[in-house]
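*Asks:* my questions concern the predicted model and sequence given below.
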Amino acid sequence: NPGEATTARLIARRFRVQTRTEQGELFPAWRYHAIFTNTRLHTVAAEKQHRLRAGTIEQVFADLNDSALAHFPSGQFHANQAWLTLAALTHNLLRTLGALASAVHARARTATIRRQLITVPARITRTARRLTLRLPRHWPWRDSWHGLFTATAQPPPAF
């Protein structure tokens, strides 16, 4: 709006595309990447921060395409809506579980979290009317799974 101060800025990064062949280069070619930001960082730092975040978005898309969005799109609107809702819920829950489990799983892909923490190679045993989950003795993700379990479920009260 006229008369109002704008606190955001547009940063345009230009980089040269190498088009050199055996015959040489006819003319220099450039590509431009625009960033609109409202951070108070210097130009170089703001552009670097933007590039780091771009990798995160690509990882989220890759995770979603590896899971529920593999069924997307179908020919029916309501099926697409259901798959998209399930994909968003599942992704958010798995990322939260990974962050609660360990620092390694906080940065892991959702397929890794499913393989290492959700599909647990355990046995359920019953002794004296009490269910017990028996994890493998030398399972490499035992501590991460136990940390996740204690963060999400309170242990049963002792009798």
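*Replies:* Sure, I can see it. Residues are numbered from 1 along each chain as shown.
*Asks:* outside of the helix or strand of the chain with the lowest mean pLDDT, which residues touch it?
*Replies:* Least confident helix or strand of the chain, by mean pLDDT, DSSP states H and E, is helix 43-66 with a mean of 79. Contacts to helix 43-66, defined as C-beta atoms under 8 Å, 6 or more residues apart in numbering, come from residues 11, 13, 35, 37, 39, 41, 87, 91, 109-111. Every C-beta, even on glycine, is put in place using the N, C-alpha and C of the backbone.
*Asks:* among those, name the buried ones.
*Replies:* The neighbour count (16 or more other C-beta atoms under 10 Å) marks 35, 87, 91, 109-110 as buried among the contacts of helix 43-66.
*Asks:* filter the contacts of helix 43-66 down to the ones in strands?
*Replies:* 11, 13, 35, 37 (DSSP state E).
*Asks:* as TSV, those residues with distance to residue 130 and pLDDT would be great.
*Replies:* Below are those laid out as TSV (distance: C-beta to C-beta, whole Å; pLDDT from 0 to 100):
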residue	distance to residue 130	pLDDT
11	61	84
13	62	83
35	58	83
37	57	85
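*Asks:* just name the closest of these to residue 27, please.
*Replies:* residue 13 (20.4 Å; C-beta to C-beta).
*Asks:* I figured that closest one hits residue 33, correct?
*Replies:* Yes. The pair residue 13 and residue 33 qualifies as a contact (C-beta atoms under 8 Å) at a distance of 4.6 Å.
*Asks:* how about the contacts of helix 43-66 in JSON lines, adding distance to residue 66?
*Replies:* Below are these laid out as JSON lines (distance: C-beta to C-beta, whole Å):
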{"residue": "11", "distance to residue 66": "32"}
{"residue": "13", "distance to residue 66": "30"}
{"residue": "35", "distance to residue 66": "28"}
{"residue": "37", "distance to residue 66": "30"}
{"residue": "39", "distance to residue 66": "32"}
{"residue": "41", "distance to residue 66": "33"}
{"residue": "87", "distance to residue 66": "10"}
{"residue": "91", "distance to residue 66": "10"}
{"residue": "109", "distance to residue 66": "8"}
{"residue": "110", "distance to residue 66": "7"}
{"residue": "111", "distance to residue 66": "5"}
